[in-house]
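> Curious how this folds, go ahead:
(4 chains)
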There are 2 protein chains.
Amino acid sequence: MGAPQGPNRIAERKLRDKQARRANIIRAARRIAELEGWSNVTVRRLSDEISYSQPVLYAHFGSREGVVTAVATEGFQELGLALEKARKRVKRGSTVEAVANAYLEFAASLPALYEAMFSLSVSVPFGDAASPSELRLAFSQILELFQGQSSNPEVLSELFWASLHGIAELTRTKRFPLRRQKERVRALVGLFR
Amino acid sequence: MGAPQGPNRIAERKLRDKQARRANIIRAARRIAELEGWSNVTVRRLSDEISYSQPVLYAHFGSREGVVTAVATEGFQELGLALEKARKRVKRGSTVEAVANAYLEFAASLPALYEAMFSLSVSVPFGDAASPSELRLAFSQILELFQGQSSNPEVLSELFWASLHGIAELTRTKRFPLRRQKERVRALVGLFR
DNA sequence: TTACATAATCTAGCAACGCTAGATATGATG
DNA sequence: CATCATATCTAGCGTTGCTAGATTATGTAA
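You can find the predicted model right below:
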């Protein structure tokens, strides 16, 4: 069977182009943010990068904030996958430790992405049914850790997430010296094991 | 003895006026931020509130960021005092619990101030000798909790702060439902007691 | 192929922002 | 009163997010 015929073909091509351009914008935003900070991610700069005029960006995302939200959503997706991988591939040692390390490594290696997810983006609940699937996926990876282990896995998961987020954020904003990071993680794992 | 004489009098009066106006600006910034969000704290808006032109603000703080930093510094001062009060006045129950509750109540009751302290302001290390005294004061209140109780009070203090900050931040940004807040604190205190 | 209609894209500009140079007013001092 | 420094303001620059209206490209049909 060859390519589909009829007028659908061109609609499909247009859709592909649209998605590709959308991905381009997000990629450009992430690159600039990671290299030069989010304050340099302006609408004009983004439209320069993709060689289109500004209104094209608004057709895709509605606002600058929409771009940040899209980046944040990608971030939650990737974080969820990273945590899942860590949880499933662990051989020796505790899964709690593996997930904690994966979380903090994610936050440390992509600080601008993490910033978009937690400091810049609009706030949507984690566990709620109304939450985007990306957020529920990520949270479920942590929930899985304490399922059955505790009388109240939900509360313990939230607490574990909060601790990781606090460490990540205070490290990202240079409040904590990196020097003691290993000890911090060890102490954290000790508390939650 | 009456009022001091000589030309010092007017210099002193000018200094008082200056400090009063500075306090006015900070107060206005805090009020607007708490009521309408930090995005509404513009230089023009602030100069309107104090009935002076914009350059006056720059004479005091150098930049808009300077205003936010000044607010954040006030915030650390007040947080330190609140934690100290909680730590010293506790009668029954653990001091850890009292401090945790004081911290979270502070963050919940003044979300814009907390945002200035941790999300908007420039980042300065907590424990470092180069840190502003306000930060060291606040951190020392937590350090005090674990002094002698643990083999490594510094790491444990950082971890405790991180957990509190994570809870506060994820609550402020509506990631956590307020419903389970009490349970979260109970679980947290259980881990650190 | 040509004419048309729809969709895609751009040009140009608005209002608001942070910030500052240069003009003006104020007030203490001889 | 005249002087001079200090305090304050006016006016405007460059940049931002965003949008209305003009313009070009593109698929459809005669």
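
> Kindly list the longest helix within chain A.
helix A:8-36 (DSSP state H).

> Packing partners of the helix or strand of chain A with the lowest mean pLDDT?
Among the helical and strand segments of chain A, the one scoring lowest on mean pLDDT, DSSP states H and E is helix A:8-36, with a mean of 90. With contacts taken as 3 or more Cβ pairs under 8 Å, 6 or more residues apart in numbering or on different chains; DSSP states H and E, helix A:8-36 sits against helix A:43-49, helix A:54-61, helix A:64-89, helix A:111-115. Just so you know, the C-beta spots here come from the backbone N, C-alpha and C atoms, and that holds for glycine as well.

> which bits of chain A sit near DNA strand D?
Neighbours of DNA strand D within chain A, by Cβ under 7 Å from any atom of the strand: A:7, A:10, A:41-45, A:54-55, A:58, A:62-65.

> again, 10 Å this time
Contact residues, chain A versus DNA strand D (Cβ under 10 Å from any atom of the strand): A:6-11, A:13-14, A:17, A:38-48, A:53-59, A:61-68.

> Buried only: go through the residues you listed for me.
The neighbour-count criterion (16 or more other Cβ atoms under 10 Å in any protein chain shown) marks A:38, A:41, A:46-47, A:57, A:61, A:64, A:67-68 among the residues of chain A next to DNA strand D as buried.

> From B:Gln149, how far out is A:Lys174?
Note on A:Lys174: its distance to B:Gln149, by Cβ to Cβ, to the nearest Å, is 28 Å.

> go on, A:Lys85?
To B:Gln149, A:Lys85 is 37 Å away according to Cβ to Cβ.

> what's the distance between the residue most central in space within chain A and A:Ser121?
Chain A has A:Gly75 as the residue nearest its centroid, 1.9 Å off, counting by Cα atoms, centre = their mean. Distance of A:Gly75 to A:Ser121, given as Cβ to Cβ: 9 Å.

> repeat for A:Gly80
Computed with Cβ to Cβ, the distance linking A:Gly80 and A:Ser121 is 15 Å.

> Over to A:Lys182?
In this structure, A:Lys182 and A:Ser121 are 30 Å apart, going by Cβ to Cβ.

> For the residue of chain A found nearest DNA strand C, give me the pLDDT.
For chain A, the residue closest to DNA strand C is A:Ser53, as judged by Cβ to the nearest atom of the strand, at 3.4 Å. A:Ser53 carries a pLDDT value of 97.

> Phi, psi for it please.
For A:Ser53, the backbone dihedrals (degrees, to the nearest 10) come out as phi -80, psi 170.

> Neighbours of the nearest residue to A:Gln147 once chain neighbours are set aside, how many?
Nearest non-adjacent residue to A:Gln147, counting by Cβ to Cβ, 6 or more residues apart in numbering or on different chains: A:Pro153, 5.1 Å away. By other Cβ atoms under 10 Å in any protein chain shown, the residues close to A:Pro153 number 17.

> Likewise for the one 3 residues further on?
When counting by other Cβ under 10 Å, one arrives at 22 neighbours for A:Leu156.

> after the helix or strand harbouring it comes which helix or strand?
Using DSSP states H and E, A:Leu156 maps to helix A:153-172. Using DSSP H and E, the helix or strand that follows helix A:153-172 in sequence is helix A:181-192.

> do you know which of the helices and strands packed on helix A:8-36 lies nearest chain B?
helix A:111-115 (9.5 Å; Cβ to the nearest Cβ).

> which ones are touching A:Asn40?
A:32-33 (Cβ atoms under 8 Å, 6 or more residues apart in numbering or on different chains).

> that older thread, which of A:Lys182 and A:Ser121 has more residues huddled nearby?
Neighbours per residue (other Cβ under 10 Å) separate A:Lys182 from A:Ser121, with A:Ser121 holding more: 19 against 11.
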